[in-house]
Every structure is written in C-alpha cells, then in structure tokens.
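> Give me a model of this one.
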Amino acid sequence: MKILERSLVRHNKKTNKYDRILDAAYQLFLEQGYDEVSIQEIATRSGVAKGTFYLYFRDKDELKDRVIAKKSNEIFQRALNALHQTDFVNFEDQIVFVIGYVVDVLAQNKEILRLIAKNLSSGLFDQGLSKIFAANDVDVLKMLIAAAEKNGVHLKNPGILLYMIIELTSSTCFSCILYNEPLELAVYKPYLFDAIRQLIRAGQED
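Reported below is the predicted structural model:
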C-alpha cells in the first residue's frame, strides 16, 4: 500500500472513531441527561476504549461543546437547504425564514433544545469549534454576507449582527418552547421576527 493510501486509511479510521464518540454521546445525553452519562458509557456505546476517548476530548465538557456545535451546524444546514427551495429574494425575509425554520426544529425536538440550551451560537462563533466542522458544515456568516450583497444590503458588521440574532433567538425561544413563558411560541414569533428585522435595519451602513 502506498504511503498516501496508508495516510488516508489512518485519517478515515481516526475520523470514524471521532464521529462515533460524538454520535454515541449525543444519543446518551438525550436518553439520560448530560449529568447522568459517564465517559465509560460513552466509550462503550461508541465501541472504543476509554483511553481512546481522551485522544480526542479533554473531558466530558469539551465533548458536550462539540456535540452542541455539530448539532447547531446541522440544524442551520437544514434551514439553508430549505431556504434554497423557496422564492424569497428579500434579505430580511430570507433571514427570518432561516431563523423560523431553526426555531420550529427546536420546538419539534425539545430534547435537542434542552441539550443545546441557550448555546445555539456557540458552534458557529467559537473559532476552535468552527475549524473542526468547517470541512463538512455550513459557514452561516459567509451565507449572510453573500445574501446581503446579492440584495444590495451593506452591513456594518455581519458577524456581530448574526451573533445578536442567534443569541436573541436561542435565549428567548428557550423559555417559550419549554415553558410557554412569557408567551406561547406561536404568539411570540411575530415579536421575534419584528425584532430581527429591526436589528438588520439598524445594522446597515448609512
């Protein structure tokens, strides 16, 4: 076997174990709750030795951060794919659609929401985590900039704007979805979408 082929095989095996640990942890976190799951259980479910776990993750907290980052990216990828199937051409409408889609996914999957909690933006803005998932997942910030430019919208700071929108969404919708506080989600959505539109307008260059 050639050197390059051997290198690819090693890389694929490494990636496979990494993904298996992530997937196993995700399922266990949903089934039992984060606090109740041990590293040994994760290792056993993923089919690796406990020592192998520490080759990829410093501890369970770091693993949780990467699980949240992966799931957040997946949700936004699904939202963007859905957006591409629509006829929305207005920039504000596009952003509202994406956020609305993400909120609906979380509302239909409360277990995922409880895991992600109010950290929906962490996987998109943590530079270390972003590098981990950059090869396979969506760059929401680049999408935002491209969509704005296509619509002739010039944003002062796209990164800050996107961060504010996602933080506003995750922090306020968390209580609406789980506890119907301060309003039921269906009643709250128009307020959220109006606030997002105002943020977009305030974030444009004069």
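
> For the rest of this, base every contact and every neighbour count on C-alpha atoms.
Will do.

> Tell me the spatial nearest neighbour of Gln192, not counting adjacent residues.
For residue 192 the amino acid is Leu, not Gln. Thr169 (7.3 Å; CA to CA, 6 or more residues apart in numbering).

> What are the buried residues along the host helix or strand of the one you found?
Under the criterion of DSSP states H and E, Thr169 resides in helix 158-179. By 16 or more other CA atoms under 10 Å, the buried positions in helix 158-179 come out as 158, 161-163, 165-170, 172-178.

> ditto for stretch 99-117
Neighbour-count burial for stretch 99-117 [16+ other CA under 10 Å]: 99-103, 105-107, 110-116.

> Among these, pick out the one closest to Leu30, please.
Proximity of those to Leu30 (CA to CA) peaks at Glu111, which lies at 6.0 Å.

> next helix or strand past the helix or strand of the chain with the lowest mean pLDDT?
None of the helices or strands of the chain scores lower by mean pLDDT, DSSP states H and E than helix 127-133, at a mean of 45. Using DSSP H and E, the helix or strand that follows helix 127-133 in sequence is helix 140-150.

> List of residues touching that following helix?
Phe76, Phe91, Leu124, His154, Leu155, Pro158, Gly159, Leu162 (CA atoms under 8 Å, 6 or more residues apart in numbering).

> Tyr56 versus the first one, what's the distance?
When distance is defined by CA to CA, to the nearest Å, Phe76 is 25 Å away from Tyr56.

> of those two, who's got more company?
Phe76 (22 against 15; other CA atoms under 10 Å).

> just checking, the more buried one is part of a strand?
No - Phe76: not assigned to a strand; according to DSSP: H, G, I helix; E, B strand; the rest coil it is helix.

> Give me the pLDDT value at it.
Looking at Phe76, its pLDDT is 89.

> Nearest residue to it in space, please, no chain neighbours.
Val102 (6.6 Å).

> OK, contacts around that neighbour?
Ile75, Phe76, Ala79.

> Let's see that with 10 Å instead.
Taking CA atoms under 10 Å, 6 or more residues apart in numbering as the contact definition, Val102 lies against Ser72, Ile75, Phe76, Gln77, Arg78, Ala79, Leu80, Val96, Leu120, Ile166, Thr169, Ser170.

> so the first one is in which element?
Taking DSSP H and E as the definition, Ser72 sits inside helix 60-83.

> Now do that helix against helix 140-150, angle only.
Calculated by axes from the mean of the first three to the mean of the last three CA atoms, to 10 degrees, helix 60-83 forms an angle of 30 degrees with helix 140-150.

> Could you find the closest non-adjacent residue to the most centrally placed residue in the chain?
Nearest to the mean C-alpha position of the chain, counting by CA atoms, centre = their mean, stands Ser72 at 1.3 Å. Closest residue to Ser72 apart from its sequence neighbours, by CA to CA, 6+ apart: Leu120 at 5.9 Å.

> Please tell me how far that neighbour sits from Lys70.
Counting by CA to CA, the gap from Leu120 to Lys70 is 10 Å.
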